[in-house]
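**Student:** Got a predicted model here, sequence first, then my questions.
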Amino acid sequence: MSKDTAQQTGDDVMFDVVVVGGGIVGLSFANALAGADFSVAVIERDEIKAISDQPDCRVSAINRSALKHFQQAGVLGSPLSQRVCAFEKMFVWDETGAGQIEFDSAELGVPELGVIVENNLLQQMLRDSLQSADNITYMCPQTITEIDYQISDDEQEVSSRLTLSSGKTVAAKLLVGADGVNSKVRDVALIQRAKQSYQQQGLVCNVTTSESHQNTAWQCFMPTGPLAFLPLYNGDCSIVWSLDEATAQQQMALDDEAFKFALAEASEFKLGEILQLGQRFLFPLSHGHVSEYVKPGLALIGDAAHNIHPLAGQGANLGIADAFALAEVIIAARKANRQWASLHTLKKYQRQRKGANQLMETSMTGFKELFGNKSAALSEIRNAGLSLVDHIPALKYKIIEQALG
Ligand SMILES: Cc1cc2nc3c(=O)[nH]c(=O)nc-3n(C[C@H](O)[C@H](O)[C@H](O)COP(=O)(O)OP(=O)(O)OC[C@H]3O[C@@H](n4cnc5c(N)ncnc54)[C@H](O)[C@@H]3O)c2cc1C
């Protein structure tokens, strides 16, 4: 990695593309551009969290569409991929009734519905696979202290100049914000973002259960919020329990034994008892979407552009789809000798991704409202609906196709 395909102009090092943020999405974008005719810098503030013997508690369900991109980019050939856990089934049920639905990869004719992977492990694999890419420079740990993004009145002239914590300055023809929910790139570009808190926290931790997870992702919808048990490679599960703020604090305050019981009870003992418990963490849950993904010479991808409720495990998947779509658009424009960083070209990326991301955000909010409603009548309809869908394969697989990307 870090081959000087970039050019020195005055005090600045000039890259075709500067990506702020080397999280899952920023690194996916860099992989999509690996070997392409662009000089690319990825600037990341934090070192990737070290991989320990035990699985990390921050994991993501990665869908088949994202996996296909990773396979094509050579990301999954790493020995680390042994810690990726394929899940073949998904079992969803409603705590307030008998409604349930099961998705099975065998019925779909595919080997798995997706994989569960630790976030730091995926980041490390994405970073490792850039080692052989001559056109990518990875700068970490580096914080951006200033971004100077200027557009002329006629929008023909654009300049982006970034000052790093090292004192170095870099300039870009295309500035890409992959810097997460609190994106600085978004702020300097004056892009508006509609956001809303769910007034919920996601309680996350790893657990050992007395029954096998059977390579299945388990999800229970409760009026208080969804609870997911995601299978891990070592037989444990990673749980994500969405709870209102007060209940989340109560669950955090319980001692380990009391929490183990509360968790097993909430999951209706589907995986038996909770034998061991890792450290518990809380993450605030919100959703937000920007008014525009692109400006001349600038694009937002991943959580910098949109973030959603984790109940269907889709946030990172949408960001990975953004990353590969944007790369495809600029590679095609450059091959055709078009202005690859112009607003006209970048809008093609926005057209491809904004509608799909918006649909997912609306669906997740709708799901949360539907399952969060305590009305007995609605509960009956909901449970009947779940079981009905379970018996209509065409409809059931339309739903799962969306989730698989
Ligand atoms: C509890 C929970 C469970 C989830 N489960 C799933 C799941 O199962 N499946 C799924 O698809 N999604 C899931 N998500 C969503 C997913 O985690 C996010 O959508 C995804 O991580 C976003 O990736 P990103 O790279 O866009 O942003 P981030 O992960 O936020 O990365 C942004 C990066 O930018 C860096 N950065 C920020 N500012 C600067 C700066 N000024 N200079 C340099 N670097 C900077 C940060 O250090 C960071 O590394 C979950 C979310 C939560 C909260």
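**Tutor:** Structure received. No experiment lies behind these values; they were computed from the predicted model shown.
**Student:** count of neighbours near whichever residue of the stretch 151-300 of the chain sits closest to the ligand?
**Tutor:** Going by CB to the nearest ligand atom, the ligand is nearest to Gly180 of the stretch 151-300 of the chain, at 2.7 Å. C-beta here means a position set from N, CA and C on the backbone, and glycine is covered the same way. The local packing of Gly180 (other CB atoms under 10 Å) involves 19 other residues.
**Student:** Tell me the pLDDT of the closest residue in space to it that isn't next to it in sequence.
**Tutor:** Using CB to CB, 6 or more residues apart in numbering and skipping residues adjacent in sequence, the residue nearest Gly180 is Asp303, 4.8 Å away. What the model reports as pLDDT for Asp303 is 97.
**Student:** do His213 as well
**Tutor:** If you check His213, the pLDDT there is 98.
**Student:** Quick one: residues contacting it.
**Tutor:** His213 is in contact with Phe229, Pro231, Leu232, Gly235, Asp236, Cys237, Leu271, counting by CB atoms under 8 Å, 6 or more residues apart in numbering.
**Student:** Around the ligand, which positions in the stretch 151-300 of the chain sit nearby?
**Tutor:** Ala178, Asp179, Gly180, Lys184, Gly202, Val204, Val240, Phe283 (CB under 6 Å from any ligand atom).
**Student:** Could I have the PyMOL command that selects the buried members from the residues you listed?
**Tutor:** Selecting only the buried entries of these in PyMOL, with 16 or more other CB atoms under 10 Å as the criterion:
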select buried, resi 178+179+180+184+202+204+240
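**Student:** what about the residue in the stretch 1-150 of the chain that the ligand sits nearest to, how many neighbours?
**Tutor:** Closest residue of the stretch 1-150 of the chain to the ligand, CB to the nearest ligand atom: Gly23 (2.3 Å). When neighbours are counted by other CB under 10 Å, Gly23 registers 23.
**Student:** Kindly report the same for Phe70.
**Tutor:** Neighbours of Phe70 using other CB under 10 Å come to 24.
**Student:** likewise Cys140?
**Tutor:** 13.
**Student:** Just give the closest residue to it, not the sequence neighbours.
**Tutor:** Cys140's closest residue in space is Glu44 (CB to CB, 6+ apart), at 4.1 Å.
**Student:** doesn't Gly21 make contact with that neighbour?
**Tutor:** Yes - counting by CB atoms under 8 Å, Glu44 does reach Gly21; the two are 6.5 Å apart.
**Student:** What about the contacts of His213, which are in strands?
**Tutor:** Phe229, Pro231, Cys237 (DSSP state E).
**Student:** Nearest residue to the second one in space, please, no chain neighbours.
**Tutor:** Once flanking residues are discounted, Pro231 sits nearest to His213: 4.0 Å by CB to CB, 6+ apart.
**Student:** all strands for the stretch 151-300 of the chain, in order.
**Tutor:** In the stretch 151-300 of the chain, the strands defined using DSSP state E, counting those that start in this stretch lie at 158-164, 169-177, 193-209, 216-221, 227-231, 237-244, 274-277, 281-290, 294-295, 298-300.
**Student:** what comes into contact with the shortest one?
**Tutor:** Right, the one you point to is strand 294-295. By CB under 8 Å, 6+ apart, strand 294-295 touches Ile151, Ala189, Ile191, Leu300, Leu343, Leu346, Lys347, Tyr349, Gln350.
**Student:** which ones are touching the residue nearest to Asp244 when sequence neighbours are not counted?
**Tutor:** Leaving aside its sequence neighbours, Asp244 sits nearest to Gln200 (CB to CB, 6+ apart; 5.6 Å). Applying CB under 8 Å, 6+ apart to Gln200 gives the contacts Gly225, Ser242, Leu243, Asp244, Glu245, Ala248, Leu285.
**Student:** Neighbour count, pLDDT and distance to Thr169 for those - can I get that in CSV?
**Tutor:** Formatted as CSV, these follow (neighbours: other CB atoms under 10 Å; pLDDT from 0 to 100; distance: CB to CB, whole Å):
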residue, neighbour count, pLDDT, distance to Thr169
Gly225, 25, 86, 46
Ser242, 25, 94, 42
Leu243, 23, 95, 45
Asp244, 15, 93, 46
Glu245, 15, 94, 42
Ala248, 23, 97, 43
Leu285, 23, 92, 37
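**Student:** tell me the contacts of Gly319?
**Tutor:** Gly319 is in contact with Ile24, Val25, Ser28, Ala178, Ile301, Gly302, Asp303, counting by CB under 8 Å, 6+ apart.
**Student:** can you tell me which of these are in helices?
**Tutor:** With helices taken from DSSP state H, the overlap with those comprises Ile24, Val25, Ser28.
**Student:** Name the nearest of those residues relative to Gln156.
**Tutor:** Nearest to Gln156 among the ones in helices among the contacts of Gly319: Val25, at 29.4 Å, using CB to CB.
**Student:** Give me the pLDDT for the residue nearest to Asp244.
**Tutor:** 91.
**Student:** same deal with Ile62?
**Tutor:** The predicted local confidence for Ile62 is 96.
**Student:** mind checking the SS state of it?
**Tutor:** strand (DSSP: H, G, I helix; E, B strand; the rest coil).
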